[in-house]
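# Based on what follows, work out the 3D shape:
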Amino acid sequence: MLQLVSENLRTRNLHTLVENRTTFTLDSAALNLFETHQQAEAVHLRFDAPVLASMIKGRKVMHLRQRPGFNFLPGESIMLPKNELMVIDFPDAQEGRPTKCFALEIDPHLISKVIEGMNERRPRSDGFNWGQADQNLHFTNDPGITQLIQRMVYLCAEDHPAKDIFFDMSLKELLIRLLEIESRQNHLLDPQGLATSQPITAAVSYILGHLDERLTIGSLSKMVYMSKSSFFRAFRNEMGISPVDFINSERIKMAVSLLKRSELSIRQVAMRCGFNSASYFTRMFKKYYGVSPAGFQEKAS
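Numbering: from 1, shown residues only. Now for the predicted structure:
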């Protein structure tokens, strides 16, 4: 897993131990780095613009919309609408080992502009428009998201006359990727319920129920009465990734839960998740998690 580099943002000394903030303001966004150096509970935080929050180091317990708290861990992000109240616990923070979090406030006008451009230049094939729902989007960063965040952190620390231009280019790409993630999660919310009316959701529903079987673009496209090329284009357009990449990512998610059961061997996990060989499974797992299945299993046990 790629690590978010944040050292370049350390521009001033600490003034508080809880939610110390360093802020960089740009034309279309404000980048905040939070550090917490002592345990705390029920810290309230709210932004008056949509915000992307990403964990860098340590653990937070997030409480959103009066729902049960959940662990917010490095490698994860949450996209929040404006004025969303976050109630945060810091169970592990301590001096010398701070909890670190990145928060990017985004100009809503830029978000609207990107959505408008997507609907004009890349219309969806399911009859819906691209748009940002008034909901919290919690996801694991993929390499593309992580690299963009790293790039924006670097730009904020760089003294370049075109910094705002460079930053806006990266921010627009980030927003497009976030729209794709939101679309992908929407297809996963109720795959069985929507399968009869949306062909891509029907394919998603079938994939999720048959991860241990051989899945091909040909068989999936026949199932939803589309040609291979039309199915591939529509799937990638709606989900933001190819059918093969989606299948592999879901198989890896399944593998994570199985690896926590120490009685299963790596080969057994690979076979149960639909991988034809343990070596290919190991390569794919390291691509997603940066560690071998055996290494992950050892840490999880």
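# what about residue 71, how many neighbours?
Number of residues near residue 71 (other Cβ atoms under 10 Å) recorded here: 12. In short, each C-beta sits where N, CA and C put it, glycine included.
# after the helix or strand hosting it, next one along is what?
Per DSSP states H and E: residue 71 is located in strand 70-72. Of the helices and strands lying after strand 70-72 in sequence (DSSP H and E), the nearest is strand 76-80.
# All the helices of the protein, residue numbers only.
108-121, 143-157, 163-189, 191-194, 199-209, 217-223, 228-239, 243-259, 266-272, 278-289, 293-300 (DSSP state H).
# residue ranges with poor pLDDT in the stretch 51-200 of the chain?
126, 190-197 (pLDDT under 70).
# make it 50
The stretch 51-200 of the chain contains residues with pLDDT under 50 at 195.
# same question for stretch 275-294, mean pLDDT?
Across stretch 275-294, pLDDT averages out at 89.
# got the buried residues for that stretch?
275, 278, 281-282, 284-285, 288-289, 293 (16 or more other Cβ atoms under 10 Å).
# any idea which of those is closest to residue 162?
residue 288 (34.4 Å; Cβ to Cβ).
# distance of the closest one from residue 279?
The spacing between residue 288 and residue 279, counted by Cβ to Cβ, to the nearest Å, is 16 Å.
# The strand holding residue 71 pairs with which strands, parallel or anti?
Based on DSSP bridges, the pairing partners of strand 70-72 within the sheet are strand 60-64 (antiparallel).
# could you give the angle of the strand it pairs with to strand 76-80?
Angle of strand 60-64 versus strand 76-80, following axes from the mean of the first three to the mean of the last three Cα atoms, to 10 degrees, is 30 degrees.
# residues in contact with the strand holding residue 71?
Applying Cβ atoms under 8 Å, 6 or more residues apart in numbering, the set of residues contacting strand 70-72 from outside is 53, 55, 59-62, 78, 138.
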